[in-house]
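Student: Any chance you can model this:
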Amino acid sequence: MRVFVFVLSMTYLIGCSTGSKGELLNTGFTEEQTNLIAGIISGDSLYVDRLESGLENLDFQTRDGVSPLVYAMVKGRVDLYEHFLELGANPNLFEHDKKYSAIKLAIQNENTRYLSLLIEYGLDVNLDMNSANYPTPIFLATSKNNEAIINLLISSGADVKALNKYSETICSKAAEVGDWNIVRLLYSNGCDLWHKDSYGFDISYFINGPFLNKSKEYIDDYNYIKTIYSEGIK
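Tutor: Next up is the predicted model:
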């Protein structure tokens with residue numbers, strides 16, 4: 001399986017993971033936001049009370065999309081991450097024009113623990129990510145060839161029949177990069193191998209076409225899908 005390393009290229013988030021106020025000063029959060037996060041980390045009941053009373057919320061972001069949830073994930077603080085969710089942080093906080101969001105990082109880092117927590121606290125697994133190629137979380141997950149992430153999304157209600165802007169299926173996006181194990185997994189959960197995209201192609205374009213990517217690692221899965229398609233088994 002391919003190994004992906006996601007590097008958050010923001011120097012103001014690199015450093016010790018103590019979650020101190022001094023560390024927070026360079027994150028891009030305002031002073032009030034910094035005080036709120038630092039207060040929560042220190043266990044100051046005043047800030048927790050303000051959240052619970054609706055006077056504050058944890059759904060703010062920097063220009064790049066760094067939210068308290070993103071901050072906690074980057075620092076490796078799953079305890080803080082879950083605490084933010086308990087205090088009302090929105091698991092669906094997402095803006096397509098920002099670089100970072102909790103859902104994108106959980107998938108890009110292939111972290112089932114963080115993704116599971118988002119789902120537990122109300123993540124819409126079919127969240128519109130406003131992307132032509134990868135419009136929902138499961139589309140994005142196909143780029144990582146991680147069966148655990150895909151299975152978690154499917155078991156939580158992800159639509160395996162969703163289409164992107166070009167009417168491409170999730171199966172086709174997985175086949176495009178040769179991840180026939182993922183194609184097989186998606187097919188077994190209802191993805192349509194015979195659906196034609198906006199250009200008139202179905203998955204046979206990747207089974208037999210000029211962009212055939214037949215990884216030796218997944219040759220059995222490739223042959224399985226090829227047989228299923230050729231026999232027209234739906």
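Student: Now do the same for the most centrally placed residue in the chain: its pLDDT.
Tutor: By CA atoms, centre = their mean, the chain has its centre lying nearest to Ile107, at 3.2 Å. As predicted, Ile107 sits at a pLDDT of 96.
Student: mind checking which helix or strand of the chain has the lowest mean pLDDT?
Tutor: helix 21-24 (a mean of 68; mean pLDDT, DSSP states H and E).
Student: I'd like the next helix or strand past it.
Tutor: helix 31-42 (DSSP states H and E).
Student: Now do that following helix: which elements does it pack against?
Tutor: helix 21-24, helix 45-52, helix 78-86 (3 or more CB pairs under 8 Å, 6 or more residues apart in numbering; DSSP states H and E). In this view, the C-beta of every residue, glycine as well, is placed from N, C-alpha and C.
Student: Give me the buried stretch members for the longest one, please.
Tutor: For helix 78-86, the buried set under the neighbour-count rule, 16 or more other CB atoms under 10 Å, comprises Leu80, Tyr81, Glu82, His83, Phe84, Leu85.
Student: Worst mean pLDDT among the helices and strands packed on helix 31-42?
Tutor: Among the helices and strands packed on helix 31-42, helix 21-24 has the lowest mean pLDDT, at a mean of 68.
Student: quick one: Asn181 and Tyr218 touch, right?
Tutor: Yes: using CB atoms under 8 Å, Asn181 is in contact with Tyr218, at 4.7 Å.
Student: before we move on, back to that, turn the helices and strands packed on helix 31-42 into TSV, including distance to Leu127.
Tutor: TSV is the format used below for these (distance: least, CB to CB, whole Å):
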stretch	distance to Leu127
helix 21-24	28
helix 45-52	23
helix 78-86	16
